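Participant: Okay, sequence plus prediction incoming.
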Amino acid sequence: MANAQQNYFELFGLEPNFFIDQNDLSSKLKRLLQSTHPDRHAQGGSQQQMLAMQKTTRLNDAFAVLKDPVKRAQYLLRLVKNIDTTQDHTVNDAEFLMQQLELREELDTITKQKDASELMSFADKIEVRAEQQEDELARLFKQDSWDLDALKISIYKLQFLHKTLRDIELAEDTLLD
Amino acid sequence: MALLQISEPGQSTRAHHHRLAAGIDLGTTNSLIATVRSGEAATLADLEGRHTLPSVVHYKSDSEVVVGHEAKARQAVEPGNVVSSIKRLLGRGLADMDKIKEFSANTLVESDSGMPGVVLENGIQKNPVEVSSDILRTLANRAEEALGGELGGVVITVPAYFDEAQRQATKDSAQLAGLKVLRLLNEPTAAAVAYGLDTGSEGIHAIYDLGGGTFDISILRLQKGVFEVLATGGDSALGGDDFDRAIGQYLVEQAKINSDDRRAHQLAMIKAREVKEALTDTDSVEVDFFDWQGEMSRAQIEEIIAPIVDKTLLSCRRTLKDAGVKVDEVEKVVMVGGSTRVPLVREKVEQYFKVPPLTDIDPDKVVAIGAAIQANVLIGNKSGDDMLLLDVIPLSLGVETMGGLSEKIIPRNTPIPIAKAQEFTTFKDGQTAMAIHVVQGERELVEDCRSLARFELRGIPPMVAGAARIRVTYQLDADGLLQVMAEETTSGVKTDITVKPSYGLNDEQITDMLKSSFSHAEDDMEARMLREQKVEAARVIEAVSAALNENGKELLNDEEYAAIQSALEQLNETAQGESTKAIQDALDFVEKSTNEFASRRMDASIAKALVGHEVDEIDEI
């Protein structure tokens, strides 16, 4: 039970699967941490404390992966199909590549103008797109036989949109300063 | 083995020795110590009935150290031999000192540890860890006298926004004071514990903590005893002192005082504080400062300090965003820190969060009280079955890459403990060593971040360039402290790591300082160590026996069970003797014998947690 070989899904008593009830995941995490958290082992020996730290670290890690659609999809594909989608970033989708360039340029221009409200509406736009892309990813995972190439592209697209959202946050931080 | 264990909620089924534990709020201007007695957490007063201890130390001579009110009183007489606001220097390098103006009274030099040394007029030199340790020892003595025994452990609070170096320096100070640190606890989290347990309040809470020298804002979710920090932010160099400085600047201008008159500037700060405090309850005061007499109104000082308060609200905004919480989702705002007494602070916070801020628990004491509650749980006096604090790392952890850029490996607000592994390779054929620089902060350039440590990886097996794969693991523990491990993965060779903290002490230096501080009382130290070992042995025997009773028969075979029992008997016997070393060996042996059992117990409780959950779900249907 709960050894290092257990995968992230098993840690939470789940089958490897893209569809996860986030509320359930979060309450399971809290239950598990009640057993493993270092505060629960403050009176144990140094080995026990080390073990508690390692188990809690692994649970925190697993939770971070399972709650994020990109990381979850990447982890799932590696686990089930032994495919690494974290390194390979070549996407032969000319239309998407163009969009990508345009979005980067748009963000650049807004950042230079230091226009907070423009930045907000840009963020809203990207958020909507990210949601659509997440739905698309879910649709692909729902199919009985996974189209691996389509999944790879879909993950990459979602990853790009998330990265853009983080860049928007950074831009916002500099506006605040 | 008991088939059925019946116990009152919140009470352990095992009989315990009550062990002494305390919570310490080590503040920039004032410090406090609190403890739980008869289920009630309260701060402890000194013999004169004063609860707060000014964080001021007067070094009369090497052996004569005065901490607190008396030291503060000496400050006006001989500022050169008195150290204050030392917290601002903890875990900082000399390069950071330009920003820290309080120390104009003391001369700062670089010591061999990279930490600033404070040089006093009488020639004594102290580093920030030593000064903090003197404050901690004074508080611990107060508690030990009041409680009639040695403290088994303490929880010390730190600003949530403290970086790793500042946390490590705080822990080093406690170690130097001979205190066992059960946990470093973030100040806002401590305040949330004090409020949450007191009122049973649930939902999203914002903890607004404005102290003398630091500002913290934390957003927590409170639910069934779980205190989950969603995000934390703030400014480790912004506090009520900045109000005084701004008002003092106004006074200096009115009195037309020369800008290099340092003494007059110090007096201006003191006068400014008086004015600020007076205007908390009245609308205007008469001010007499050097050649200037005049009236100052509350509106006037509010205009002076408003930009500083607004800066804290910008932090609130950013932290709410990090937490993924909208301002109207915040149900309660808790005020912490003496500077939240300033009416303008309360007004602006209420305006921003649109709820009246809570001040039911004394904002000066609430942090120490929360720390005491946590200390009492951690030392094992209360089973604390449902209380759990889940905290986060306040600032991103990064590694220096080519071109002086910081590559983030653990983003801010990630729950701790957490670990991240990173792979490096060699640039040259036959390269056997490489250097890694770990920094903390959000900025892109390494020079804009805080330097935490430089590591040297040695003993990499010689290979062609790019063939070696060095896996470096950064582990942040529940105190937010960093450990680094490295391994060459193609050969499996563990690489040696030489850790050089950027501003701090390595273990050897701490041991040296401990030795020198105890050298005049060596017998004393040995006696103390023996006593501590005996207490520890008794505690281990009690804890392991209880564990064996609970599920030893289920989780161990007869042979394993007997091995643990025999290790316990051996420890029990050794603990009757007078050899610290023998007791330590017996303790180590018990620990070794019970490792597997501890691991199985943890797995069993994990399994139960998952099963329990499924049962709950069925119940709900």
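Facilitator: Perfect, thanks for sending it.
Participant: For residue B:465, give me phi and psi.
Facilitator: Main-chain torsions, residue B:465, degrees, to the nearest 10: phi -50, psi 130.
Participant: check contacts around it.
Facilitator: Listed by Cβ atoms under 8 Å, 6 or more residues apart in numbering or on different chains, the contact set of residue B:465 reads B:425, B:426, B:427, B:428, B:429, B:431. (Glycine included, C-beta is placed from N, CA and C.)
Participant: State the distance from the fourth one to residue B:454.
Facilitator: Residue B:428 sits 20 Å away from residue B:454, taking Cβ to Cβ, to the nearest Å as the criterion.
Participant: mind checking how far the spatially most central residue of chain A is from residue A:21?
Facilitator: Central residue of chain A (Cα atoms, centre = their mean): residue A:68, 2.8 Å from the mean position. The gap separating residue A:68 from residue A:21 is 15 Å, by Cβ to Cβ.
Participant: for residue A:82, phi and psi?
Facilitator: phi 60, psi 40.
Participant: neighbours around it, how many?
Facilitator: Using other Cβ atoms under 10 Å in any protein chain shown, residue A:82 has 7 other residues around it.
Participant: just the one 3 residues further on next, same as before
Facilitator: Here the number of neighbours of residue A:85 (other Cβ under 10 Å) works out to 22.
Participant: and it, which of the three is it?
Facilitator: Three-state assignment for residue A:85 (DSSP: H, G, I helix; E, B strand; the rest coil): coil.
Participant: quick one: it and residue A:157 touch, right?
Facilitator: No: between residue A:85 and residue A:157 there is no contact under Cβ atoms under 8 Å: 11.8 Å.
Participant: Near chain B, which residues of chain A are found?
Facilitator: A:1-3, A:12-13, A:27-28, A:30-48, A:51-53, A:55-57, A:60-61, A:63-64, A:169, A:172-173, A:176 (Cβ under 8 Å from any Cβ of the partner chain).
Participant: got a list of what the residue with the largest distance to the centre of chain B touches?
Facilitator: Distance from the C-alpha centroid of chain B, by Cα atoms, centre = their mean, peaks at residue B:464 (44.8 Å). Residues counted as contacts of residue B:464 (Cβ under 8 Å, 6+ apart) are B:429, B:430.
Participant: next one: residue B:253
Facilitator: By Cβ under 8 Å, 6+ apart, residue B:253 has no neighbours at all.
Participant: list the buried ones in stretch A:155-175?
Facilitator: Neighbour counts using 16 or more other Cβ atoms under 10 Å in any protein chain shown place A:155-162, A:164, A:167-168, A:171-172 of stretch A:155-175 among the buried residues.
Participant: In JSON lines: those, plus pLDDT, distance to residue B:320 and secondary structure.
Facilitator: Formatted as JSON lines, those follow (pLDDT from 0 to 100; distance: Cβ to Cβ, whole Å; DSSP: H, G, I helix; E, B strand; the rest coil):
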{"residue": "A:155", "pLDDT": "93", "distance to residue B:320": "30", "secondary structure": "helix"}
{"residue": "A:156", "pLDDT": "91", "distance to residue B:320": "31", "secondary structure": "helix"}
{"residue": "A:157", "pLDDT": "91", "distance to residue B:320": "29", "secondary structure": "helix"}
{"residue": "A:158", "pLDDT": "94", "distance to residue B:320": "25", "secondary structure": "helix"}
{"residue": "A:159", "pLDDT": "92", "distance to residue B:320": "26", "secondary structure": "helix"}
{"residue": "A:160", "pLDDT": "91", "distance to residue B:320": "26", "secondary structure": "helix"}
{"residue": "A:161", "pLDDT": "93", "distance to residue B:320": "23", "secondary structure": "helix"}
{"residue": "A:162", "pLDDT": "93", "distance to residue B:320": "20", "secondary structure": "helix"}
{"residue": "A:164", "pLDDT": "92", "distance to residue B:320": "22", "secondary structure": "helix"}
{"residue": "A:167", "pLDDT": "88", "distance to residue B:320": "20", "secondary structure": "helix"}
{"residue": "A:168", "pLDDT": "89", "distance to residue B:320": "16", "secondary structure": "helix"}
{"residue": "A:171", "pLDDT": "84", "distance to residue B:320": "18", "secondary structure": "helix"}
{"residue": "A:172", "pLDDT": "80", "distance to residue B:320": "13", "secondary structure": "helix"}
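Participant: Could you dump those residues into JSON lines and include distance to residue B:278?
Facilitator: What follows is the buried residues of stretch A:155-175, written out as JSON lines (distance: Cβ to Cβ, whole Å):
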{"residue": "A:155", "distance to residue B:278": "63"}
{"residue": "A:156", "distance to residue B:278": "63"}
{"residue": "A:157", "distance to residue B:278": "62"}
{"residue": "A:158", "distance to residue B:278": "59"}
{"residue": "A:159", "distance to residue B:278": "58"}
{"residue": "A:160", "distance to residue B:278": "58"}
{"residue": "A:161", "distance to residue B:278": "55"}
{"residue": "A:162", "distance to residue B:278": "53"}
{"residue": "A:164", "distance to residue B:278": "52"}
{"residue": "A:167", "distance to residue B:278": "49"}
{"residue": "A:168", "distance to residue B:278": "46"}
{"residue": "A:171", "distance to residue B:278": "44"}
{"residue": "A:172", "distance to residue B:278": "40"}
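Participant: farthest pair in these?
Facilitator: The largest separation in these, counting by Cβ to Cβ, is between A:155 and A:172 at 25.9 Å.
Participant: picking up where we left off before, only the buried subset of the contacts of residue B:465, as a ChimeraX command please.
Facilitator: To isolate the buried ones among the contacts of residue B:465 in ChimeraX, judged by 16+ other Cβ under 10 Å, type:
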select /B:426,431
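Participant: can you put the contacts of residue B:465 in JSON lines and add secondary structure and distance to residue B:566?
Facilitator: JSON lines is the format used below for these (DSSP: H, G, I helix; E, B strand; the rest coil; distance: Cβ to Cβ, whole Å):
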{"residue": "B:425", "secondary structure": "coil", "distance to residue B:566": "50"}
{"residue": "B:426", "secondary structure": "coil", "distance to residue B:566": "50"}
{"residue": "B:427", "secondary structure": "coil", "distance to residue B:566": "55"}
{"residue": "B:428", "secondary structure": "coil", "distance to residue B:566": "55"}
{"residue": "B:429", "secondary structure": "coil", "distance to residue B:566": "55"}
{"residue": "B:431", "secondary structure": "coil", "distance to residue B:566": "51"}
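Participant: what about residue 18, how many neighbours?
Facilitator: Answering for chain A, as no chain was given. Neighbours around residue A:18, by other Cβ under 10 Å: 16.
Participant: Hmm, no, I was thinking of chain B.
Facilitator: 14.
Participant: Next one: it from residue B:547, what distance?
Facilitator: Where residue B:547 is concerned, residue B:18 sits at a distance of 20 Å (Cβ to Cβ).
Participant: next one: residue B:239
Facilitator: Applying Cβ to Cβ to residue B:239 and residue B:547 gives a distance of 46 Å.
Participant: Neighbour count: the two, which is higher?
Facilitator: Counted by other Cβ under 10 Å, residue B:239 and residue B:547 do not tie: residue B:239 has more neighbours, with 29 against 18.
Participant: got the phi/psi numbers for that one?
Facilitator: The phi/psi pair for residue B:239 (degrees, to the nearest 10) is phi -170, psi -170.
Participant: and the residue nearest to it when sequence neighbours are not counted, what does it touch?
Facilitator: Nearest non-adjacent residue to residue B:239, counting by Cβ to Cβ, 6 or more residues apart in numbering or on different chains: residue B:213, 4.2 Å away. Contact partners of residue B:213, counting by Cβ under 8 Å, 6+ apart, are B:28, B:29, B:85, B:87, B:88, B:237, B:238, B:239, B:240, B:241.
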